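Let's see this in three dimensions:
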Amino acid sequence: MRTHTYLPAAALLIWMLGTKSLNAEDWPHWMGPHRNNVWAESGILESFPEQGPKVLWRTPIAGGFSGPAVANRRVFITDYVTSDNVKVANFKRNSFTGVERVLCLDERSGEILWQHEYAVKYSISYPSGPRCTPIVDDDEVYTLGAEGDLICFAATTGEVKWSKNLPDAYNTKTGLWGYAAHPLVDGERLITLAGGDGSHTVALDKMTGKEIWRSGTASEQGYAPPTIISYAGVRQLILFSPDHVRGVNPETGAEFWSVPYEASNGSTIMSPVRCGKYLYVAGFSQRSLLLELTSDKPGANEVWRNRRKDALSPVNVQPFFADGVLYGFDQSGDFAALALPSGKRLWTTSQPLADRGQDSGTAFLVKHQDRYWMFTEHGELIIAELDKDGFRELDRTKVIEPSNVAYGRDVVWSMPAFANRHAYIRNDDEIICVDLSK
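This next block holds a predicted model:
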């Protein structure tokens, strides 16, 4: 542990114990400690100071869509350093050269403690940088680069314990939008989308990188992160590909059930959301699907699909389910509430972002106690109330500049981390630590 030279060890210990007693917690991977976008800390402000919340530190970084992970007084973030102009859509898959980096920062100061870099050529759309949030698990940290470089590091030193390039290992190619499905640690397994024949999803020994199992074939990898639920008395790994939704045994990869799905342009992005006894998935072009899970054994039956006027087609933002209502941003950029299982829209508004919906409008959504926090593509934090009756904004403040371009507008498309009563937020120029304590 690095400490400031002026802070005695005893004082540091007292400070750390005091911090723990106030219910501070880490944000060790995508969507927080329980992978559910719930921020459970106490002592958080209820409105912003007139001059905005204090920025405790700023550290220069390069481009990327990946969010930070925060654990054990360290912040982990990935980026892409290149001299090429990468603020383009790049649907023609032109090549760009540069290096991906993994950075470990001191949580208190933003000082870079260690970094690792490797050369990589990008041929993906939106080539600004990596997509996947690092995963901190005990003494290891795992990163997945945009072209499929999967690496396990010693979290404290940056030593590479093992690495694997997924396209090479599984004889496949990177999807149009790169490797964007956040891997999942489950016990001794690291589960990730790989691609290739029979290896759409693979489980690796998290300590060695050796394959434990492989499962499924799909026309494309897709981008939907795997998720684990417990239902019918069984733990089920739910996998959403461009061709199907499947439930498999997370220990063996053996399939429990499968329901066909037809994605638009291979775009399965959201992680499946369990809504009581139902599962909801959707993608571009109103390709929605609601499944009812069977209670006597692992299985799922279709309830409805492709609701054109209702439903919800998430793109950049993982939707949130609470009290029978699914909240999320549609492909249109509108923010909406969806009643389940009916699939009926309860309300729709563009107000978190603009006067009218904008293509792939983005505001990442996190629940904190009886309120919701959003981080918008404009670089703003919003505190709001949500229920079946509507969206009510309580406060808003700008904390960082949008540094990328999409659909002809300036955006920042990176999910923050919320830990230690702070928000850790990045764009393509810097990562900042914002004080949100009461």
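
drop to CA atoms for contacts and neighbour counts, all remaining ones
Fine.

tell me the SS of Ile425?
What DSSP: H, G, I helix; E, B strand; the rest coil gives for Ile425 is strand.

Residue numbering should commence at 700 henceforth.
Right, with 700 as the first residue, what we last looked at is Ile1124.

For the residue lying closest to it once chain neighbours are set aside, give me the pLDDT.
The shortest distance from Ile1124 to any residue other than its chain neighbours is 4.8 Å, reached at Pro1115 (Cα to Cα, 6 or more residues apart in numbering). Pro1115 is assigned 98 on the pLDDT scale.

Also the one 5 residues further on?
Model confidence at Arg1120, given as pLDDT, is 98.

do the same with Gly717
For Gly717, the predicted pLDDT is 41.

What of Gly1056?
Here, the pLDDT recorded for Gly1056 equals 84.

and it, what is it in contact with?
Ser1031, Gly1032, Asp1033, Ser1049 (Cα atoms under 8 Å, 6 or more residues apart in numbering).

where does the first one land in three-state SS?
Reducing the assignment to helix, strand or coil with three-state DSSP, the entry for Ser1031 is coil.

The stretch 850-999 of the chain: strands as residue ranges?
Using DSSP state E, counting those that start in this stretch, the strands of the stretch 850-999 of the chain run over 859-864, 883-885, 888-892, 900-904, 910-914, 926-930, 933-939, 943-947, 954-959, 972-974, 977-982, 986-992, 999-1004.

who does the last one pair up with?
Strand 999-1004 has the following sheet partners, assigned by DSSP bridges: strand 986-992 (antiparallel).

same check, this time on the third one
When sheet partners are counted by DSSP bridges, strand 888-892 sits next to strand 883-885 (antiparallel), strand 900-904 (antiparallel).

Out of those, which one sits most buried?
strand 900-904 (a mean of 22; mean count of other Cα atoms under 10 Å).

Quick one: closest of the strands of the stretch 850-999 of the chain to Glu1084.
Each of the strands of the stretch 850-999 of the chain has some distance to Glu1084 by Cα to Cα; the shortest is strand 972-974, at 20.2 Å.

helices and strands around that closest one, which ones?
strand 977-982, strand 1019-1021 (3 or more Cα pairs under 8 Å, 6 or more residues apart in numbering; DSSP states H and E).

again, only this time at 7 Å
For strand 972-974, the elements it packs on are strand 977-982, judged by 3 or more Cα pairs under 7 Å, 6 or more residues apart in numbering; DSSP states H and E.

can you pull the buried residues of stretch 954-970?
Buried positions in stretch 954-970, judged by neighbour count with 16 or more other Cα atoms under 10 Å: 954-958, 960-962, 965-970.

Pro949 is in contact with Leu938, correct?
No: the pair Leu938 / Pro949 is not scored as a contact, 10.5 Å apart, by Cα atoms under 7 Å.

Could you dump the strands paired with strand 888-892 into JSON lines with distance to Ala768 added?
Putting the strands paired with strand 888-892 into JSON lines (distance: least, Cα to Cα, whole Å) gives the following:
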{"stretch": "strand 883-885", "distance to Ala768": "14"}
{"stretch": "strand 900-904", "distance to Ala768": "21"}
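
Using CSV, lay out those together with mean pLDDT and distance to His815.
Listed next are the strands paired with strand 888-892 as CSV, based on pLDDT from 0 to 100; distance: least, Cα to Cα, whole Å:
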stretch, mean pLDDT, distance to His815
strand 883-885, 98, 22
strand 900-904, 98, 22
